[in-house]
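Engineer: need coordinates for the below:
(one chain, ligands or ions: 1)
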Amino acid sequence: MRIDILTLFPEMFAGVLSSSILGKAREKEIVDFHVTNFRDFSESKHGTVDDTPYGGGGGMVLKPEPLFRAVESMAGEKKPRVILMCPQGVPYNQKLAEELAKEEHLVFVCGHYEGYDERIREHLVTDEISIGDYVLTGGELAAMVVIDSVVRLQPGALGNQTSAVEDSFSTGLLEYPHYTRPAEFRGWRVPDVLLSGHHANIVKWRLKESLRRTSERRPDLLKRLELTAEMKKLLAELEAEKKITDKP
Ligand SMILES: C[S@@+](CC[C@H](N)C(=O)[O-])C[C@H]1O[C@@H](n2cnc3c(N)ncnc32)[C@H](O)[C@@H]1O
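Structural biologist: A predicted model of the protein is given here:
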């Protein structure tokens, strides 16, 4: 997979793209990152990339020419998916991460200042993504969030460390709790089933705890999920347990 990042602050990416899973994915040639300062594509000799808004008002607006020229310089047989990081975009989630992870080439456009010339939205980008209902100073941190979540889904990126299949959201549920050694710490014991070595019981316990956690923390996720017969049974068990503990 190739990932291009168009930014006015390329230095922000150095640590993130060379560390941990992303750094290893790059070393293993699973992903190829290209970070470009789109100021280099400015038509003005001073490298101007922004201007005041037509109609007046505060803040500066990113001009269309540098970003169009930067994207158009990426000659390739297939047109890349060009993603504008933007608080007005589609809310980002794991489903979208999985969809983007299948692409061969992604281009991230990181904005700054007040916003973009609307023609960038209308005629250059294919997607607009928001990482949440809050406003950042620039699109760089938002792009890093999306890139991290997409790269870790590439085959081989996580090595044999772990699998993304059971992660929260991939299954439609929040993940079950984890424990490691020691089996007892300050009097708090690891659930017996995890020490039992009984694989089928462990699988069942994990599913039940995933359901418990999701129904407690994110009931909205449960509502969207197509429940299997086993899930329904486990949810009924959880409900019965709740009734017992709720008793005065
Ligand atoms: C200060 S913000 C501009 C906000 C804009 N005036 C608005 O109200 O929509 C500057 C840049 O940060 C990025 N940004 C800010 N919040 C974001 C979010 N929640 N998700 C993705 N990108 C964001 C975008 O690239 C945006 O162009």
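
Engineer: ok, Ser206 touching Tyr176?
Structural biologist: I think there's a mix-up here, since residue 206 is Arg and not Ser. Yes: with contact defined as C-beta atoms under 8 Å, Arg206 and Tyr176 form a contacting pair (4.1 Å). All C-beta atoms are positioned from the backbone trio N, CA, C, and that covers glycine.

Engineer: residues from the chain in reach of the ligand?
Structural biologist: With the criterion set to C-beta under 6 Å from any ligand atom, the chain comes near the ligand through 85-88, 110-112, 114-115, 130-132, 134-139, 142.

Engineer: repeat that with 5 Å
Structural biologist: By C-beta under 5 Å from any ligand atom, the part of the chain that sits against the ligand consists of 85-87, 111, 114-115, 130-131, 135-136, 138-139, 142.

Engineer: what subset of these is buried?
Structural biologist: 85-87, 111, 115, 130-131, 136, 138-139, 142 (16 or more other C-beta atoms under 10 Å).

Engineer: pull the most distant pair out of the residues you listed.
Structural biologist: Gly115 and Ile131 (16.5 Å; C-beta to C-beta).

Engineer: low-confidence ranges in the protein?
Structural biologist: When residues are selected by pLDDT under 70, those of the chain lie in 160-163.

Engineer: so which residues of it form strands?
Structural biologist: Here the chain has its strands, by DSSP state E, at 2-7, 32-37, 50-51, 61-62, 81-91, 105-109, 115-116, 127-130, 184-185, 188-189.

Engineer: buried residues in the first one, which are they?
Structural biologist: When neighbours are counted by 16+ other C-beta under 10 Å, the buried residues of strand 2-7 are found to be 3-7.

Engineer: nearest to the ligand, of these?
Structural biologist: Nearest to the ligand, judged by C-beta to the nearest ligand atom, of the buried residues of strand 2-7 is Thr7 at 9.6 Å.

Engineer: domains in this structure, by residue range?
Structural biologist: 2-151, 184-246 (automatic domain parsing).
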